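Asks: no sequence for this one, just the structure:
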């Protein structure tokens, strides 16, 4: 993919993430996030520190534009960006497996930082699995 197409794709997915944040409410059960996909498609030759810095900036921009608590998406995005280089440097990296792991890390970080509510214990694992399935399905279609 050429550089201009990559930038266009990146911006388009980020705008789609903003639309999902603003207009798609699936209740308390599902949170769809495309931010791990954006972190995954960053250039592979980038070092982990640079990737984490860009992930932080993307998360902060998403927090600012979506009206959410500042730092929530950015902290979760940094957590998702941490194992990216290690997973992509494997002998035969599988982008879908990388996407699942990064999305799971992002959602665990997001839900833990978002705070535990007055729901029963089983609510958080069910929400995590439902959100992981929904986020992965949408991200895999865009990958």
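Replies: Good, I have the coordinates. Since the model is a prediction, treat every value here as computed from it, not as a measurement.

Asks: show me what counts as buried in whichever helix or strand residue 37 is part of.
Replies: Per DSSP states H and E: residue 37 is located in helix 35-40. By neighbour count on 16 or more other CB atoms under 10 Å, the buried set for helix 35-40 is 35, 36, 37, 38, 39, 40. Any C-beta I mention is one placed from the backbone N, CA and C, and that applies to glycine too.

Asks: quick one: pLDDT of the closest residue to residue 14 other than its chain neighbours?
Replies: Leaving aside its sequence neighbours, residue 14 sits nearest to residue 38 (CB to CB, 6 or more residues apart in numbering; 6.3 Å). On the pLDDT scale, residue 38 is placed at 95.

Asks: can you pull the contacts of residue 38?
Replies: By CB atoms under 8 Å, 6 or more residues apart in numbering, the residues touching residue 38 are 10, 13, 14, 17, 58.

Asks: out of the residues you listed, list just those in strands.
Replies: Per DSSP state E, strands hold no members of the contacts of residue 38.

Asks: how about those residues in JSON lines, adding distance to residue 93, pLDDT and neighbour count?
Replies: Output for those, formatted as JSON lines (distance: CB to CB, whole Å; pLDDT from 0 to 100; neighbours: other CB atoms under 10 Å):
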{"residue": "10", "distance to residue 93": "20", "pLDDT": "92", "neighbour count": "15"}
{"residue": "13", "distance to residue 93": "20", "pLDDT": "94", "neighbour count": "19"}
{"residue": "14", "distance to residue 93": "24", "pLDDT": "95", "neighbour count": "18"}
{"residue": "17", "distance to residue 93": "24", "pLDDT": "94", "neighbour count": "22"}
{"residue": "58", "distance to residue 93": "22", "pLDDT": "96", "neighbour count": "22"}
